[in-house]
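Visitor: below: sequence and its predicted model.
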Amino acid sequence: MICPYCSSNKDKVIDSRSTEGGAVIRRRRECLKCERRYTTYERVEQASRLVVIKKDGSRVPFSRDNVLAGVRSACGKRPIAEAEKRAVVDEVDDELHSEYEREVASTVIGERVMTKLRTVDLVAYIRFATEHLQLSTLEEIRAELDELRERPPDVANQEVLFEGR
């Protein structure tokens, strides 16, 4: 490991522990040259050969970063922790890699993200749904809101956003 402070590659591990349910190992390290401490995280890199079939028929490699960018965009400035956004992406990624071997439609990915966002934040869900479902008129958005009223998600500690409107 290269020290982020002095660029030396000589260090020692002071502490190791697993996080995120054992999927990640957190290591506390000390540089033997400058004696400063830093933390590294190790995770298994999946040899992802999963290909996304886009709506136009083109095929691109699956990218967690693209999914995370979509989630971040939908969440905007909502009070949603970065860890929660990453958890949504982790869950979707795990589901896709366990269910699909080679190819997955982009619509499937979008539906999975929508399902997860619906339990995290209704505003983020609507923002994402507007793009994913290509809702372009107020009537289409209103229909989606009406469906939310009919089937509210089971979310703890979230206000009812649509009462009285």
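Guide: Nice, thanks for sending it over.
Visitor: in the worst-scoring helix or strand of the chain on mean pLDDT, what's buried?
Guide: Across the helices and strands of the chain, mean pLDDT, DSSP states H and E gives its lowest value to helix 138-150, namely a mean of 84. Neighbour counts over helix 138-150 (16 or more other Cβ atoms under 10 Å) mark 145, 148 as buried. Where you see a C-beta, it was placed from the backbone N, CA and C, and this is true even at glycine.
Visitor: any weak-confidence spans in this protein?
Guide: Counting by pLDDT under 70, the ranges of the chain that qualify are 45-48, 152-165.
Visitor: hey, where'd the strands end up in it?
Guide: Here the chain has its strands, by DSSP state E, at 11-19, 24-31, 37-43, 51-53, 59-61, 103-105.
Visitor: tell me what the least confident helix or strand of the chain is packed against?
Guide: Using 3 or more Cβ pairs under 8 Å, 6 or more residues apart in numbering; DSSP states H and E as the contact test, the elements touching helix 138-150 are helix 122-132.
Visitor: picking up where we left off before, CSV for the strands of the chain, including mean neighbour count and distance to Lys116?
Guide: Listed next are the strands of the chain as CSV, based on neighbours: other Cβ atoms under 10 Å; distance: least, Cβ to Cβ, whole Å:
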stretch, mean neighbour count, distance to Lys116
strand 11-19, 12, 20
strand 24-31, 16, 19
strand 37-43, 12, 20
strand 51-53, 17, 17
strand 59-61, 10, 22
strand 103-105, 15, 16
